[in-house]
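Engineer: Model the following, please.
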Amino acid sequence: MVSETGGNQSVERASAVLRAFTPGRPALRVSDVAAEVGLGVSTTSRLLATLEAAELVQRDPVSQLYELGPAVLTMAGIALNNDPIYRQARPVAQRLAWELGLGANVAVRRGSSLFYLLNVEGQLAQKSFSLMGQLNPLHATGMGKSLLLDTTAKQRAELLGAEPLPGFTSHTHTTLDALGTDLTAAAGRGYTTEIEELALGRACIAAPVRDHTGEIAAAISLSGALSAIALDEREAELGALIVEAADTVSIGLGYLGPAHTPSPVRP
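Structural biologist: Numbering: from 1, shown residues only. Next up, the predicted model:
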């Protein structure tokens, strides 16, 4: 019988091995995993063999590279289907993507990042990959800004860290003052926008989702190429649609407030 200490160490090592697989490196050699987690190749090989037996990883028969296995997908599906935000938002996002042809996304805050729960692509925003489970910065995304709408300047400084904030394009807000000004304007209209702040040629429009306590629990957005989303021409139209969508999800989560009550960002 494995001791408690040994058991904890085994779990930590197995967790580290699984976390070695990332969107940028989804397939790895044993030596890659060993280098990433700081273990010997033989120890890593034994861990991978154990995880493979549990279908948590699998090995490509041609390349012999390891990748995450089918059991991970099964567990991810269970987690998503048990998430009330995902369940309430999924049909709303699907409808938006179908009717508008844009990408429809739902995210929650995880520390100083947003975490994608849901990503549905319309005909004008097709991708060959899913954003679910990925992280993006709060200050440079429409959904991230929506998740920050109820925060104070002090809270944002503590959450986002020292200036300058990471810049991804020349349009990214890299100061807290610039971000705060953007949020104040957004709070007055009930939705946030992001135009080429994370990636050139892309834009999105988002709104906060509130739960039964009235707190912001998630954000929902429409996204796409600049030419597809055309915020310069359609901001008012799409803003009304995304606020309505956010309200629908909020009501499904038990929010009892008015359908749309913009709350100014607190100083």
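Engineer: top helix in this structure by residue count?
Structural biologist: helix 231-252 (DSSP state H).
Engineer: Can I get it in CSV? Just the C-alpha atoms.
Structural biologist: In CSV, the C-alpha atoms belonging to helix 231-252 read as follows (Å, rounded to 0.1, in the frame of the first residue of the first chain):
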residue,chain,number,x,y,z
LEU,A,231,-18.4,47.1,-35.5
ASP,A,232,-17.9,50.5,-37.2
GLU,A,233,-21.3,50.0,-38.8
ARG,A,234,-23.1,47.5,-36.6
GLU,A,235,-22.0,48.3,-33.0
ALA,A,236,-25.4,49.4,-31.8
GLU,A,237,-27.2,46.5,-33.4
LEU,A,238,-24.8,43.9,-32.1
GLY,A,239,-24.5,45.6,-28.7
ALA,A,240,-28.3,45.2,-28.2
LEU,A,241,-28.2,41.6,-29.3
ILE,A,242,-25.3,40.6,-27.0
VAL,A,243,-26.8,42.4,-24.0
GLU,A,244,-30.1,40.6,-24.7
ALA,A,245,-28.2,37.3,-24.9
ALA,A,246,-26.4,38.0,-21.6
ASP,A,247,-29.7,38.8,-20.0
THR,A,248,-31.2,35.6,-21.1
VAL,A,249,-28.3,33.6,-19.6
SER,A,250,-28.4,35.7,-16.4
ILE,A,251,-32.1,35.0,-15.9
GLY,A,252,-31.5,31.3,-16.5
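Engineer: Quick check: which helices or strands does it pack against?
Structural biologist: Contacts defined by 3 or more C-beta pairs under 8 Å, 6 or more residues apart in numbering; DSSP states H and E place helix 231-252 against helix 84-100, strand 192-195, strand 202-210, strand 216-225. For every residue, glycine as well, the C-beta is placed using N, CA and C.
Engineer: what do you get if the cut-off is 6 Å, keeping everything else the same?
Structural biologist: Judged by 3 or more C-beta pairs under 6 Å, 6 or more residues apart in numbering; DSSP states H and E, helix 231-252 is in contact with helix 84-100, strand 202-210, strand 216-225.
Engineer: what's the following helix or strand past the longest one in contact with?
Structural biologist: Scanning the chain past helix 84-100 towards its C-terminal end, the next helix or strand to appear is strand 103-110 (assignment: DSSP states H and E). For strand 103-110, contacts defined as C-beta atoms under 6 Å, 6 or more residues apart in numbering pick out 89, 93, 96-97, 114-121, 125, 143, 147, 218-221, 223-224.
Engineer: where are the low-confidence patches of the stretch 1-150 of the chain?
Structural biologist: 1-7, 126-129 (pLDDT under 70).
Engineer: same thing but 50
Structural biologist: 1-5 (pLDDT under 50).
Engineer: hang on, the earlier thing: may I see the helices and strands packed on helix 231-252 organised as JSON lines, with distance to residue 254 and mean neighbour count added?
Structural biologist: Shown next, in JSON lines, are the helices and strands packed on helix 231-252 (distance: least, C-beta to C-beta, whole Å; neighbours: other C-beta atoms under 10 Å):
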{"stretch": "helix 84-100", "distance to residue 254": "9", "mean neighbour count": "18"}
{"stretch": "strand 202-210", "distance to residue 254": "9", "mean neighbour count": "27"}
{"stretch": "strand 216-225", "distance to residue 254": "10", "mean neighbour count": "26"}
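Engineer: nearest to residue 40, of those?
Structural biologist: Closest to residue 40 of those is helix 84-100 (C-beta to C-beta; 39.4 Å).
Engineer: Distance check, the closest residue to residue 211 other than its chain neighbours against residue 137.
Structural biologist: Distances taken as C-beta to C-beta, 6 or more residues apart in numbering put residue 217 closest to residue 211, at 4.0 Å, once the chain neighbours are dropped. Residue 217 is 19 Å from residue 137, where distance means C-beta to C-beta, to the nearest Å.
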